[in-house]
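Visitor: What follows is a protein structure lacking sequence information:
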C-alpha cells in the first residue's frame, strides 16, 4: 500500500471516529445487534447493566434529529453529562444546560424531561426521526403513543425509529410495556419470540395486533400497514465494562429487585400489592386450568363492555385527558371457562349500532348459533338499545348497570357490597379461587391477565370501593375493558338471584 493510500485510510478512520464517537463494544453482542437493527420500534434492555444508555447514543448518531426522554430532569444527569463529553470531544456544540447537542455536521440531539402531560403537549409538532424513551415503564402508554405521531422526517430516505429502554417494571404501572412486548417477555405467550427477532404489528387505534408480515392487512374494515418491532435482551454479563462483578453485586439485592434488574424477570410486576383484588397466583392457575378444561361446549353467555362516547373522545368514562380511546370488548363464557375474549378500539363501535353489528359478526365468525344470553353494559355507548331490539339475539339480552345499588355482603359478613359493580367483581374473585366449588378457567390473553392483575380496591368503613377507571388508567396506561367483559359474562350465574 503506497503512502497516499495509507493517508486516505487514516483520514477515513478519523472521519468515522468523528462522526461516530460512540460505537458498539466488540464484545457486547446485544449492543452490536441493536446498532444494525432497523425497525420502527426497538426495545433494548430488559435488565440492568446491558449498556442501554450508550446504545441510545449509538442510535442517536445514526439519525439527523434525535430526542431522549426521561420522566424527570434530575434522572437524566448522567445521560446529559456523558453526551456532553462525547459531543464536545469531536468539536460539537453543547448548550449550557446540556439539553441540546449539535454534532459538527449538524446532527441534533435533544434531552427532554416529561414529568406531566403539559410537557408532553409542549412537544407537539416537533419532528424527530429518532425518539428514545429511557426507562419507558415510568411513562403512561399514551405519552409515547401521542408523540410517535411526530416520529418522521422530511427526508424520505431517512429511517425513522422509536427506541424503548428499560428494566422490567416492579409494579403494575408499567404493565402496558409487558403487554405490548408480550411476544418476547411473557413466558405464557402462545407464540413466543426470541431476543433479536423482528415481528410485525398493526396499530388499531392504540391497540397493537400482530400481523403475519409487512403486507397491509384488513382490520375492522380498514387496511392497515404493519410496522416492524424488535426486542433485544441485554444484561450485565453482556457488558464488558461491568460483567461478572456487577452481576454478582446485583445478587445482593432484595429478591424482587434482583429478579428484575439482574435476571430480567418480567413476572415481578405480578407480585401482589396490598390493594390488588385478584391474586396473581389465582389468575395464573386459572390460565393453566383453561387449557385442561373441556372444549367445544355451547356458549352460555356473552359479556359485553361498551366504550361510550366519553371513552372514545377522552380515553375514559371518567373524562381523563388521554389520547387513546378505551376498547369495546366481549367475553364468551360456556359456564366453566371464558372461551375467548375479543377487543376492538371504541372508535370502531361508536353509536351503539356498530357495537351490535360487531357482536353479531364475531358470533357468526365463531359459529355461535345457540342463542346465548347477552349481558351488556346498559349505560355507556347506547349499544343496549340496538342489541335488545335486534331479532338476531332472540330477546335474550340482560342490561347490567354497575352503579345500581344493592344491599349485599361477603359470605363472612365482614365487607359490604353496595352496588352491582362490587357485587360482580367479588363474584369473579370467588370464581377465581382455586378452592371454590367451580373454579373458572381464563384464556391466555395477555391484555386480560394484565388488567385483572392491575385492578385495585380499598375498604372504606365496611364498604368495598374499587379504584376508579381514570386512576387505574393514569397508573397503568389502560382501563379494565376486557376484564369487565369477563365480569359481565359470568354475571349470568347470579342474575336469577338479583335484579341487575
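Guide: That came in fine, so what should we check first? In this text, all values refer to a predicted model and were calculated from it rather than measured experimentally.

Visitor: chain center to stretch 364-374: distance?
Guide: Remark: stretch 364-374 is offset 30 Å from the chain centroid, using C-alpha atoms, centre = their mean, to the nearest Å.

Visitor: in that stretch, what's buried?
Guide: Residues 368, 372, 373, 374 are the ones in stretch 364-374 that count as buried (16 or more other C-beta atoms under 10 Å). (Glycine included, C-beta is placed from N, CA and C.)

Visitor: what sits up against stretch 109-126?
Guide: 60, 66-73, 75-76, 79-80, 83, 87, 98-103, 128, 139, 143, 146-147, 150, 321 (C-beta atoms under 8 Å, 6 or more residues apart in numbering).

Visitor: Only the buried subset of these, as a ChimeraX command please.
Guide: Under the burial definition 16+ other C-beta under 10 Å, those of the contacts of stretch 109-126 that qualify are selected in ChimeraX by:
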select :60,66,67,68,69,70,71,73,76,79,80,83,87,98,99,101,103,128,139,143,146,147,150
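
Visitor: that older thread, export the buried residues of stretch 364-374 as CSV, with columns for distance to residue 285, secondary structure and pLDDT.
Guide: Compiled in CSV, the buried residues of stretch 364-374 are given as follows (distance: C-beta to C-beta, whole Å; DSSP: H, G, I helix; E, B strand; the rest coil; pLDDT from 0 to 100):
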residue, distance to residue 285, secondary structure, pLDDT
368, 27, coil, 95
372, 26, coil, 94
373, 27, strand, 95
374, 29, strand, 95
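
Visitor: With distance to residue 356 as new columns, can these be given to me in a markdown table?
Guide: Formatted as a markdown table, the buried residues of stretch 364-374 follow (distance: C-beta to C-beta, whole Å):
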| residue | distance to residue 356 |
| --- | --- |
| 368 | 15 |
| 372 | 15 |
| 373 | 15 |
| 374 | 10 |
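
Visitor: And those, which two are furthest apart?
Guide: In terms of C-beta to C-beta, the buried residues of stretch 364-374 reach their longest pairwise distance at 368 and 373, which sit 11.7 Å apart.

Visitor: intersection of neighbour lists for these two?
Guide: With contacts defined as C-beta under 8 Å, 6+ apart, the residues adjacent to both residue 368 and residue 373 are residue 302.

Visitor: any idea how far residue 191 is from residue 197?
Guide: Remark: distance between residue 191 and residue 197 (C-beta to C-beta, to the nearest Å) = 11 Å.

Visitor: Same drill for the two, tell me which one is more crowded.
Guide: Using other C-beta atoms under 10 Å, the more surrounded residue of residue 191 and residue 197 is residue 197, with 13 against 7.

Visitor: which non-adjacent residue is nearest that one?
Guide: Taking C-beta to C-beta, 6 or more residues apart in numbering as the measure, residue 197 lies nearest to residue 230, with 6.9 Å between them; neighbours along the chain are not counted.

Visitor: is that neighbour in a bridge, and if so with what?
Guide: Counting by DSSP bridges, residue 230 is bridged to residue 42, residue 198.

Visitor: residue contacts, it?
Guide: If you count contacts by C-beta under 8 Å, 6+ apart, residue 230 has them with 37, 39, 41, 42, 43, 196, 197, 198, 199.

Visitor: Out of the contacts of stretch 109-126, which sit inside helices?
Guide: Applying DSSP state H to the contacts of stretch 109-126, the entries found in helices are 60, 79, 80, 83, 87, 143, 146, 147.

Visitor: Residue ranges of each domain in the chain, please.
Guide: 3-269, 272-497 (automatic domain parsing).

Visitor: what's the distance between the last one and the middle of its chain?
Guide: What that stands for is domain 272-497. The gap between where domain 272-497 is centred and where its chain is centred comes out at 19 Å by C-alpha atoms, centre = their mean.

Visitor: and if you look at the longest one?
Guide: Computed by C-alpha atoms, centre = their mean, the chain-centroid distance of domain 3-269 equals 16 Å.

Visitor: Show the average pLDDT along that domain.
Guide: This predicted structure assigns domain 3-269 an average pLDDT of 89.

Visitor: what about the helices in the stretch 101-250 of the chain?
Guide: With DSSP state H, counting those that start in this stretch as the criterion, the stretch 101-250 of the chain has helices at 117-121, 142-147, 175-180, 182-185, 243-250.

Visitor: wait, which of those helices is closest to residue 50?
Guide: helix 243-250 (10.3 Å).

Visitor: What residues sit buried inside that closest one?
Guide: Buried-residue list, helix 243-250, by 16+ other C-beta under 10 Å: 246, 247, 250.

Visitor: from memory the second one sits against residue 47, does it?
Guide: Right, the one you point to is residue 247. No: using C-beta atoms under 8 Å as the test, residue 247 is too far from residue 47 to be in contact (9.7 Å).

Visitor: Common neighbours of the two, please.
Guide: The contact sets of residue 247 and residue 47 overlap at 235, 236, 262 (C-beta under 8 Å, 6+ apart).

Visitor: ok, and what's touching the helix or strand hosting residue 450?
Guide: In this structure, residue 450 is located in helix 446-454 according to DSSP states H and E. Contacts made with helix 446-454 from outside it, assessed by C-beta under 8 Å, 6+ apart, are listed as 172, 175-176, 178-179, 182, 186, 188-189, 269-270, 276, 278, 280, 283, 287, 341, 343, 442, 472, 475-476, 478-483, 486.

Visitor: repeat for stretch 413-421
Guide: Contacts made with stretch 413-421 from outside it, assessed by C-beta under 8 Å, 6+ apart, are listed as 400-410, 423, 426, 459, 461-464, 466, 498, 500.

Visitor: Equivalent analysis for stretch 133-147, please.
Guide: 43, 52-53, 56, 68-71, 75-76, 79, 114, 117, 120, 123-124, 131, 162-169, 173-174, 176-177, 180, 206, 315, 322-324, 473-474, 477-478.

Visitor: From the contacts of stretch 109-126, which land in strands?
Guide: Using DSSP state E, the members of these that fall in strands are 66, 67, 68, 69, 70, 100, 101, 102.

Visitor: Now do the helices in the stretch 351-500 of the chain.
Guide: Shown for the stretch 351-500 of the chain, the helices assigned by DSSP H, counting those that start in this stretch span residues 353-365, 383-389, 420-432, 446-454, 469-476, 481-490.

Visitor: how about the ones you listed, which one is nearest residue 255?
Guide: helix 446-454 (18.6 Å).

Visitor: Mind checking which residue lies nearest the centre of the protein?
Guide: Central residue check for the chain by C-alpha atoms, centre = their mean: the C-alpha nearest the mean position is that of residue 176, 2.4 Å away.

Visitor: Need the nearest residue in space to that residue, chain neighbours excluded.
Guide: Using C-beta to C-beta, 6+ apart, the closest residue to residue 176 is residue 477 (3.5 Å).

Visitor: is it true that that neighbour touches residue 175?
Guide: Yes: Residue 477 is in contact with residue 175 according to C-beta under 8 Å; the separation is 7.3 Å.

Visitor: I'd say residue 327 and residue 207 touch.
Guide: Yes: counting by C-beta under 8 Å, a contact exists between residue 327 and residue 207, whose distance comes to 6.4 Å.

Visitor: Give me the more crowded residue out of the two.
Guide: Neighbour tally, residue 327 and residue 207, criterion other C-beta under 10 Å: the higher count belongs to residue 327, 27 against 20.

Visitor: Contacts only, for that one.
Guide: Going by C-beta under 8 Å, 6+ apart, residue 327 touches 207, 305, 307, 343, 344, 345, 346, 479, 481, 482.

Visitor: just to revisit the earlier point, report the buried members of the shared contacts of residue 247 and residue 47.
Guide: Among those, the ones that count as buried by 16+ other C-beta under 10 Å are 235, 236, 262.

Visitor: Run a quick neighbour tally on the nearest residue to the first one once chain neighbours are set aside.
Guide: Spatial nearest neighbour of residue 235, chain neighbours left out: residue 47 (4.1 Å); criterion: C-beta to C-beta, 6+ apart. Using other C-beta under 10 Å, residue 47 has 25 other residues around it.
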